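# the following block contains a protein sequence and its predicted model.
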Amino acid sequence: MKIKVINGPNLNMLGIREPGIYGNESYSALCDMISAHCEKAGVTVSLFQSNHEGALVDEIQSCFGEYDGIVINPGAYTHTSVAILDAVKAVGIPTVEVHISDVSAREDFRQISYIRAACKKTISGKGLSGYLEAIDFLLEQNNEN
Ligand code: DQA
């Protein structure tokens, strides 16, 4: 199974940005954690991060016919981007939405998720381990089919 893990704006600043909300681990520590988990599970993984909406759309499109699952934390674009929602719908690849923080307990503007409508599952408020849970979920679904 091939999974793409996509992170949106400011997630490259993990460990520096608001550690009280997002923790002390860096983006590269997150990548290492995901890679180790996937290696153990026999999953081929590729990681991508961008601060640019169009680059995220391009990356999602490039998964078409190439990947069996997508794990995505669109960062702030979660709450604004119809383009990212449309890209996930366009490729039709099973996708899980991940948020490190519990967005449901935060500001009103974080209560809207455009991408959620196209996702199989949303994992929020579980810290970095939410990404691993998302990978396990996609793996289970893949094994069932
Ligand atoms: C986030 C939550 C978003 O509201 C925020 O804009 C982010 C990160 C999370 O992982 O908790 O950048 O997606």
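Yep, it's here.
# every contact and neighbour count from this point should use C-alpha atoms.
Will do.
# show me the contacts for residue 94.
68-70, 119-120, 138 (C-alpha atoms under 8 Å, 6 or more residues apart in numbering).
# which bits of this structure sit near the ligand?
Contacts of the chain with the ligand, taken as C-alpha under 6 Å from any ligand atom, map to 10, 73-76, 99-101, 103, 110.
# let's see if you can find the most crowded of the residues you listed.
residue 74 (27 neighbours; other C-alpha atoms under 10 Å).
# touching, it and residue 5? I think so.
No - using C-alpha atoms under 8 Å, residue 74 makes no contact with residue 5, being 10.5 Å away.
# common neighbours of these two, please.
Joint contacts of residue 74 and residue 5 (C-alpha under 8 Å, 6+ apart) do not exist.
# where do the helices sit along the chain?
19-22, 27-41, 53-62, 82-91, 129-144 (DSSP state H).
# dump the residue contacts of the closest residue to residue 10 other than its chain neighbours.
Closest residue to residue 10 apart from its sequence neighbours, by C-alpha to C-alpha, 6 or more residues apart in numbering: residue 51 at 6.4 Å. By C-alpha under 8 Å, 6+ apart, residue 51 lies in contact with 8-10.
# now render those residues as CSV, adding pLDDT.
Converted to CSV, the contacts of residue 51 look like this (pLDDT from 0 to 100):
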residue, pLDDT
8, 98
9, 98
10, 98
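# residue 72: neighbouring residues, count only.
Residue 72, neighbours per other C-alpha under 10 Å, totals 28.
# what's opposite it in the beta bridge?
Per DSSP bridges, the residues bridged to residue 72 are residue 6, residue 97.
# which stretches of the chain have low pLDDT?
The chain contains no residues with pLDDT under 70.
# is it true that residue 109 touches residue 78?
No - the criterion here is C-alpha under 8 Å, and residue 109 misses it with residue 78 at 10.2 Å.
# middle-most residue in the chain, spatially?
Residue closest to the average C-alpha location in the chain (C-alpha atoms, centre = their mean): residue 72, at 1.8 Å.
# enumerate every residue touching residue 68.
So residue 68 contacts 1-3, 93-94, 142 (C-alpha under 8 Å, 6+ apart).
# out of the residues you listed, who has the most neighbours?
Busiest of those [other C-alpha under 10 Å] is residue 3, holding 24 neighbours.
# nothing else from me, thank you.
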